[in-house]
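Chemist: Model the structure of this input:
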Amino acid sequence: MHRYKISDAVNLAEASYQGKRHPSLTTKIARSLDKDDVQAHLLDNGILLIPGSNSLMDYLRFNLRVLNIGGKRYRMSNETTQKGASGTVWHQGFLAHAKVIYDWIEQLGEKPTYIIGHSLGAASTQILSKSWTVPGIGFAAPRPRRSRGRVKDDNLCLCINRNDDTVCDLPVSFHHMGQVHRCSPRRSVFGPDHAMKHYRTAVEEQQAAGKLHNQWPR
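Modeler: The predicted model follows:
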């Protein structure tokens, strides 16, 4: 099973917002998706990057109010759910976002070796990690799963969440997929603490303190 350094995953998640415009990804991106308000990048080594909302205000403006995916409006407030292919019940908006990426990868005839996402991308990371049974890391991960308790293959996904990031506890009646590592940074951020740059700091502090392992899966 593919393993990856968490510190390197932080770098890729942060760079994913710029795509090929980021120097570290210019020669590494094999394919990119930009469709129906969904973005994703498949690297030449099989890693799938899924950017989401890089700030709390973006998340509140676009995700908590309305996810407009494929011309259909999804609201988080109504807690609409839908079964995925595995039978797991997901938040319908997050599932719709993940399905755009899933269909794109399937059309390419590919299968990712690893998935890394942030925010809305971390919600899809949790879903797609189960769909393809591959490891994944989600930073600032919201809750996409309706049911409580363990499900098959949920051990493949790691969610790294800051305790001072409100998004990680939404929607309140849903649950995370896989293992959740909660970070308590030495300093809280004044204002939005959802951006990847704040997760970089949290991961560095947690690893320096020996509270977070170096790679995933361990």
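Chemist: Chain neighbours aside, what residue packs nearest to the spatially most central residue of the chain?
Modeler: Taking Cα atoms, centre = their mean as the criterion, residue 122 is the residue nearest the geometric centre of the chain, at 1.1 Å. Nearest non-adjacent residue to residue 122, counting by Cβ to Cβ, 6 or more residues apart in numbering: residue 138, 2.9 Å away. Glycine gets a C-beta too; all of them are placed from N, C-alpha and C.
Chemist: Now do that neighbour against residue 107, distance only.
Modeler: 24 Å (Cβ to Cβ, to the nearest Å).
Chemist: Between those two, which is the more surrounded one?
Modeler: Between residue 138 and residue 107, residue 138 has the larger neighbour count (other Cβ atoms under 10 Å), namely 35 against 8.
Chemist: For that one, what is the enclosing helix or strand?
Modeler: strand 136-139 (DSSP states H and E).
Chemist: quick one: buried residues of the helix ranked longest in the chain?
Modeler: Counting by DSSP state H, the longest helix found in the chain is helix 92-108. When neighbours are counted by 16 or more other Cβ atoms under 10 Å, the buried residues of helix 92-108 are found to be 92-102, 104-105.
Chemist: For it, which helices and strands make contact with it?
Modeler: Helices and strands touching helix 92-108, by 3 or more Cβ pairs under 8 Å, 6 or more residues apart in numbering; DSSP states H and E, are strand 29-35, strand 38-43, strand 47-50, strand 67-69, strand 72-74, strand 81-83, helix 120-132.
Chemist: Could you say which of the ones you listed is packed most deeply?
Modeler: Stretch with highest mean neighbour count among those: helix 120-132 (a mean of 29; mean count of other Cβ atoms under 10 Å).
Chemist: pLDDT on it, on average?
Modeler: Here helix 120-132 scores 94 as its mean pLDDT.
Chemist: got the CA positions of it in PDB?
Modeler: Taking C-alpha atoms only, helix 120-132 is exported to PDB below (Å, rounded to 0.1, in the frame of the first residue of the first chain):
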ATOM      1  CA  LEU A 120     -14.300  20.600   0.500                       C
ATOM      2  CA  GLY A 121     -11.600  18.600  -1.100                       C
ATOM      3  CA  ALA A 122     -11.100  16.800   2.200                       C
ATOM      4  CA  ALA A 123     -14.800  15.800   2.300                       C
ATOM      5  CA  SER A 124     -14.300  14.200  -1.100                       C
ATOM      6  CA  THR A 125     -11.100  12.600   0.000                       C
ATOM      7  CA  GLN A 126     -12.900  10.700   2.700                       C
ATOM      8  CA  ILE A 127     -15.500   9.500   0.200                       C
ATOM      9  CA  LEU A 128     -13.100   8.600  -2.600                       C
ATOM     10  CA  SER A 129     -10.600   6.900  -0.300                       C
ATOM     11  CA  LYS A 130     -13.300   4.400   0.400                       C
ATOM     12  CA  SER A 131     -14.500   4.200  -3.200                       C
ATOM     13  CA  TRP A 132     -11.100   3.200  -4.500                       C
END
